[in-house]
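1. Attaching a predicted model along with its sequence, questions to come.
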Amino acid sequence: MNRVSPHPGIRTAGGGAVSGVFHAVMGESSPPPDERPEDKVISAMRMGRTVLGIVAAIWIVVAYPLSDGREEFVLGKLVELGLSCGVLMAGTFVGIAAFLIAGTPDRRRVFARRLSGPALSTLSLAVGPAVIWLSLATLKGDLVDEPGLVAFFSSIFGRGIICSLLSLLVLVIGALLAVVLLVASILYTIVAAYVCVSTCFRASSVHQLLPALLSPLLVWALFAFQLFTGPDVAAPPEVLYTFLLGGPLTVTALSVWEVRRLRARHGITLRTALGR
């Protein structure tokens with residue numbers, strides 16, 4: 001296989017060091033143009049599907065009253081986003097593992113060199129919850145508490161007003177920083193989760209077919225979850241089930257169309273992907 005330059009989205013200002021480690025271990029290969037073509041029609045259809053889904057979700061929430069309160073609705077959507085990440089993460093790595101197992105030895109080595117994309121995507125998602133935990137632990141005093149600070153500063157300055165003032169100052173500054181980090185990390189986690197879901201944890205870094213094969217798994221799993229948890233809005237059954245089924249059917253149809261287009265326009269098939 002020809003060596004090509006790394007995927008341009010991997011090296012970012014915040015992830016350069018981590019990216020360097022992953023590239024050193026896994027190699028610097030990303031799919032060549034014949035395996036990851038720039039198809040503007042596919043990109044436009046994906047964008048159109050996303051916009052249509054957002055518009056439909058906003059319309060049904062505005063048009064019909066919520067089944068529960070706003071707080072329960074928001075929490076439910078956050079749970080749904082977390083479930084999406086869990087389902088898609090499991091599906092992505094199962095799909096990648098299947099590609100590695102089913103591929104020829106040469107293709108396995110090629111796929112293995114491309115694992116830095118999904119690995120970095122997973123790592124970027126894990127950073128948010130880790131910072132949230134760190135912020136909460138700081139606010140609760142699990143990491144540093146007042147007696148510990150007093151003992152630390154008293155060993156340097158001795159017990160007195162200076163020791164007490166420094167301890168109080170560190171606690172106040174630490175609490176303010178922890179609050180800022182907590183808010184920022186929550187927002188970051190939500191955005192990172194959405195990006196990971198929308199890109200299938202950068203599965204296309206391994207092969208272009210993977211996102212099309214994995215997307216239906218996610219939407220049908222969410223459909224089953226919504227059936228068990230009940231509707232978010234008090235809409236008539238015909239409207240509700242049209243909305244619930246519209247997403248999975250649309251995504252599945254678009255995935256089938258995308259696979260067919262990749263085969264017809266670019267010669268990309270599952271057999272060629274696996275080297276069979």
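-> Sure thing, it's come through.
2. Tell me the spacing between Ala57 and Ile101.
-> For Ala57, the distance to Ile101 (Cβ to Cβ, to the nearest Å) stands at 37 Å. C-beta: built from backbone N, CA, C; applies to glycine.
3. Which residue of those two possesses the greater neighbour count?
-> Just comparing Ala57 and Ile101: by other Cβ atoms under 10 Å the higher neighbour count belongs to Ala57, 15 against 9.
4. Quickly find the element holding the more buried one.
-> Using DSSP states H and E, the element containing Ala57 is helix 40-63.
5. try His207
-> His207 belongs to no helix or strand, assigned by DSSP H and E.
6. And the pLDDT for Leu177?
-> Among the per-residue scores, Leu177 shows a pLDDT of 89.
7. er, Gly27 I mean
-> pLDDT recorded at Gly27 is 42.
8. Can you tell me the SS state at the residue nearest the centre of the chain?
-> Per Cα atoms, centre = their mean, the C-alpha nearest to the average position across the chain is that of Cys196, at 2.3 Å. Here Cys196 is recorded as helix under DSSP: H, G, I helix; E, B strand; the rest coil.
9. Now do the contacts for it.
-> With contact taken as Cβ atoms under 8 Å, 6 or more residues apart in numbering, Cys196 is in contact with Cys85, Leu88, Met89, Ser121, Thr122, Ser124, Leu125, Arg202.
10. Okay, it and Gln208: tell me how far apart.
-> Relative to Gln208, and taking Cβ to Cβ, Cys196 is found at 18 Å.
11. and Arg261, how many neighbours does it have?
-> Count around Arg261 with other Cβ under 10 Å applied: 16.
12. er, Ile161 actually
-> 8.
13. Report the contact partners of Phe223.
-> Leu244, Leu245, Gly247, Pro248.
14. any idea how far it lies from Arg271?
-> For Phe223 relative to Arg271 (Cβ to Cβ), the value is 30 Å.
15. repeat for Leu169
-> 67 Å.
16. more crowded one of the two?
-> It is Leu169, of Leu169 and Arg271, that has more neighbours when counted by other Cβ under 10 Å, with 12 against 8.
17. residue contacts, Val219?
-> By Cβ under 8 Å, 6+ apart, the neighbours of Val219 are Gly247, Pro248, Val251, Thr252.
18. And the residues you listed, which is closest to Pro37?
-> When the contacts of Val219 are compared for distance to Pro37 (Cβ to Cβ), Val251 wins out at 21.0 Å.
19. for the record, mean pLDDT for the helix or strand in which that closest one is found?
-> Using DSSP H and E, Val251 sits in helix 237-266. For helix 237-266, the mean per-residue pLDDT is 87.
20. what's the answer for stretch 216-232, then?
-> pLDDT averaged over stretch 216-232 gives 81.
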